[in-house]
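*Asks:* Need a 3D model of the following:
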Amino acid sequence: MILKETFVGLLKNYTKDEQLIASLWREVEAYYGDPLRHYHTLDHLENLLLELTAVKEKIKNWEALLFTLYYHDIIYDASKQNNEDESAHFAVKRMKEIAVSEAIILTCTEQILATKSHLISTNQDTNYFTDADLSILGQPWEKYAKYYTNIRLEYQIYPDVQYHSGRKKALTHFLSMDRIFKTDYFYNRFEVRAKENLKREMELLQD
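*Replies:* As a prediction, this is how the structure comes out:
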């Protein structure tokens with residue numbers, strides 16, 4: 001499993017304690033494998049890894065980006081508004097346990113918090129990460145439809161009226177952007193279809 005191999009390889013740069021590495025991987029598996037999750041799962045992480053590996057030569061701090069990848073959605077509770085903050089806090093705690101540098105910890109924290117709004121960053125690595133995080137928006141309609149269906153399942157505690165209101169706000173946020181994707185690589189691949197998909201979902205919510 002490439003996701004596990006990459007995680008183990010990353011942590012081996014910081015600790016030789018194989019039991020600790022195995023424990024931290026099981027923790028990641030447990031959080032992303034929560035049965036209440038339907039989109040923010042290990043499959044999401046694997047897709048991110050594949051998308052980012054394709055632009056690895058453009059990334060300045062690959063290790064920081066990998067820590068961001070594994071921990072950016074480690075905390076995900078549909079009833080809470082502070083998931084990114086909690087995920088960043090969790091990531092910092094784990095990175096300190098294995099003596100990751102303060103520079104990487106700071107970068108990782110900033111990148112996780114950037115997924116709150118997906119606005120353009122002065123750090124191009126962050127832009128690549130948030131673009132990859134949104135790459136689902138530019139997939140063929142069938143895949144996009146599965147994505148928004150899974151998002152709805154994660155928010156099933158809310159009635160349609162309440163959910164639709166919040167979802168429309170999220171869609172409007174992205175549709176109001178001049179560019180959803182901040183890097184040319186992701187913009188050229190996904191921008192047009194992403195806006196088509198978002199508009200189509202918005203129309204469905206109006207029905």
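*Asks:* Settle this for me: His118 is touching Leu137, isn't it.
*Replies:* No: the pair His118 / Leu137 is not scored as a contact, 10.0 Å apart, by CB atoms under 8 Å. To be clear about C-beta, it is placed using only N, CA and C from the backbone, and glycine gets the same treatment.
*Asks:* Now list whatever residues contact both of those two.
*Replies:* Residues within reach of His118 and of Leu137 at once, by CB atoms under 8 Å, 6 or more residues apart in numbering, are Phe174, Ile180.
*Asks:* now the helices for the chain?
*Replies:* 2-11, 18-32, 42-53, 62-71, 83-97, 102-114, 124-133, 141-154, 160-175, 184-206 (DSSP state H).
*Asks:* Figure out which of those helices is closest to Asp77.
*Replies:* Of all the helices of the chain, the one in closest proximity to Asp77, counting by CB to CB, is helix 83-97 (6.2 Å).
*Asks:* Tell me which residue is most central in this structure.
*Replies:* Taking CA atoms, centre = their mean as the criterion, Asp133 is the residue nearest the geometric centre of the chain, at 4.5 Å.
*Asks:* Now do the contacts for that residue.
*Replies:* Residues counted as contacts of Asp133 (CB under 8 Å, 6+ apart) are Leu48, His72, Thr115, His118.
*Asks:* among these, which two are most distant?
*Replies:* Farthest apart among these by CB to CB are Leu48 and His118. That separation is 13.6 Å.
*Asks:* the more surrounded of those two?
*Replies:* In this comparison of Leu48 against His118, neighbours counted by other CB atoms under 10 Å, the higher total goes to Leu48 at 23 against 20.
*Asks:* wait, isn't that one in contact with Leu69?
*Replies:* Yes: Leu48 sits in contact with Leu69 when judged by CB under 8 Å, with a separation of 5.4 Å.
*Asks:* Now do the shared contacts for these two.
*Replies:* Phe129.
*Asks:* is it possible to export the contacts of Asp133 to CSV including distance to Met177 and pLDDT?
*Replies:* Supplementary listing: the contacts of Asp133 in CSV, determined by distance: CB to CB, whole Å; pLDDT from 0 to 100:
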residue, distance to Met177, pLDDT
Leu48, 20, 98
His72, 20, 98
Thr115, 15, 97
His118, 8, 92
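*Asks:* Serialize those residues to CSV and add fields for distance to Ile157.
*Replies:* Listed next are the contacts of Asp133 as CSV, based on distance: CB to CB, whole Å:
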residue, distance to Ile157
Leu48, 26
His72, 22
Thr115, 22
His118, 24
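*Asks:* quick one: which of the residues you listed is nearest Asp34?
*Replies:* Of all the contacts of Asp133, the one sitting nearest Asp34 is His72; the distance, using CB to CB, is 15.3 Å.
*Asks:* Distance-wise, check that closest one relative to Ala54.
*Replies:* Distance from His72 to Ala54, counting by CB to CB, to the nearest Å: 18 Å.
*Asks:* I appreciate the help and will end here.
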